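Asker: Make a model of this:
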Amino acid sequence: MTFEGCQGCGACLLTCPTHAIRPIGGTLHARTDLCNGCGECVEICPVDAISMTMVLESPR
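Answerer: Model prediction:
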């Protein structure tokens, strides 16, 4: 997940059901261990700054 072009409005922080998005040092970061991939943050962002790439685990 990237936040390129983020204006810092905080809408994604408030909408994330798993609280996976955190502000660290003035920029936003996503905790991949908490993110469930729902995409609510992508939908709510007013400047389309959030992009999400799904990473599939390979079978063992």
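Asker: What about Gln20, how many residues nearby?
Answerer: Actually, residue 20 is Ala rather than Gln. 20 (other C-beta atoms under 10 Å). (Glycine included, C-beta is placed from N, CA and C.)
Asker: Could you give the separation between the terminal residues of stretch 4-15?
Answerer: 18 Å (C-alpha to C-alpha, to the nearest Å).
Asker: That stretch: how far from the chain's middle?
Answerer: Taking C-alpha atoms, centre = their mean, to the nearest Å, one finds the center of stretch 4-15 at 9 Å from the center of the full chain.
Asker: Averaged pLDDT, it. What do you get?
Answerer: Computed over stretch 4-15, the mean pLDDT rounds to 94.
Asker: Show residues contacting it.
Answerer: Residues outside stretch 4-15 that contact it (C-beta atoms under 8 Å, 6 or more residues apart in numbering) are 21-23, 27-28, 40-41, 44-51.
Asker: From the residues you listed, which one has the minimum pLDDT?
Answerer: Among these, pLDDT bottoms out at Thr27, giving 89.
Asker: Please work out how many residues are found near it.
Answerer: 10.
Asker: Now do the contacts for the closest residue to it other than its chain neighbours.
Answerer: Take Thr27 and drop its neighbours on the chain: the residue closest to it by C-beta to C-beta, 6 or more residues apart in numbering is Phe3, 6.9 Å away. Residues near Phe3 by C-beta under 8 Å, 6+ apart: Thr27, Leu28, His29, Ala30, Ala49, Ile50.
Asker: make it 7 Å
Answerer: Thr27, Leu28, Ala49, Ile50 (C-beta atoms under 7 Å, 6 or more residues apart in numbering).
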